[in-house]
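Student: pasting the sequence and the predicted model now:
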Amino acid sequence: MQTTNLFSDVLISKEHIICGIYLKEFSLGHWTFLESYSSPLLSEQMYPEEISDDPKENYEYCIRHLLLFLLVCAHTYEDNIRLNEDGDFFVETNKEFEKYLLAYIKDIKDWNVYYEIYNIKEYLNYYINSMPAFVEKGPPSPPSGVDWKSNIYSVLKNEYGYSQTEIMNFSVKRIYAEWVTYASKMGVIEVKSKERVEAEQIAKEYAEKIREELASAKKEVVV
């Protein structure tokens, strides 16, 4: 779903707690690390695909990726770099997370891994699907073949002078806002106002209602 570009949404952090763990705002760094780990929780599917006919094995698979997701998103970009490069630090931190998660699961009556994965999907949706609504100006540009995150990273680093650490710690909402502002300034896009988005939604619903009424009238005529 496309939204308008709300300044308050970009600057005011929303609190996210999953399994009792406070998560950072979902950032470009989190996204990049989870992609490098092939996290199934980034897929568009609500739940990870089953990897076995054994329910226990599928359950443990979900637990492992839940733990990995929480481990990544509870830390900053700098911490994740260290977790990735310092084996001892990773083992120690992962052990503490695993110990905490197992205790949490034991303490919560009727704990359900799929409910926690649902919460993760809500967390991801809040950030990933927050791109402000806009329209392109002029003919659409041909695909560059370069990952969109690389393009945005290049703009933020080369045009605005942000450091790598700053960019990778920016929330995805902030990343979108920065890109939209730049693209609008360059005359490539026009950001839709809240009123325009609402008017288009009303028009869409009205058109759908008319189509349904026409379809219903045709059925009555046939009968």
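Tutor: That came through, no problem.

Student: spit out the contact partners of the closest residue to residue 52 other than its chain neighbours.
Tutor: Once flanking residues are discounted, residue 52 sits nearest to residue 58: 5.8 Å by Cβ to Cβ, 6 or more residues apart in numbering. All C-beta spots, glycine's among them, are computed from the backbone N, C-alpha and C. The contact partners of residue 58, by Cβ atoms under 8 Å, 6 or more residues apart in numbering, come to 50, 51, 52.

Student: what about the first one, how many residues nearby?
Tutor: Here the number of neighbours of residue 50 (other Cβ atoms under 10 Å) works out to 13.

Student: so residue 63 makes contact with residue 113?
Tutor: Yes. With contact defined as Cβ atoms under 8 Å, residue 63 counts as touching residue 113 (6.0 Å).

Student: in this structure residue 30 contacts residue 71, no?
Tutor: No. With contact defined as Cβ under 8 Å, residue 30 does not reach residue 71; the gap is 10.6 Å.

Student: who has more neighbours, these two?
Tutor: Using other Cβ under 10 Å as the criterion, residue 30 and residue 71 rank with residue 30 on top: 28 against 22.

Student: that one sits in which helix or strand?
Tutor: helix 28-36 (DSSP states H and E).

Student: check which residues of that helix are buried.
Tutor: Neighbour-count burial for helix 28-36 flags 28, 29, 30, 31, 32, 33, 34 (criterion: 16 or more other Cβ atoms under 10 Å).
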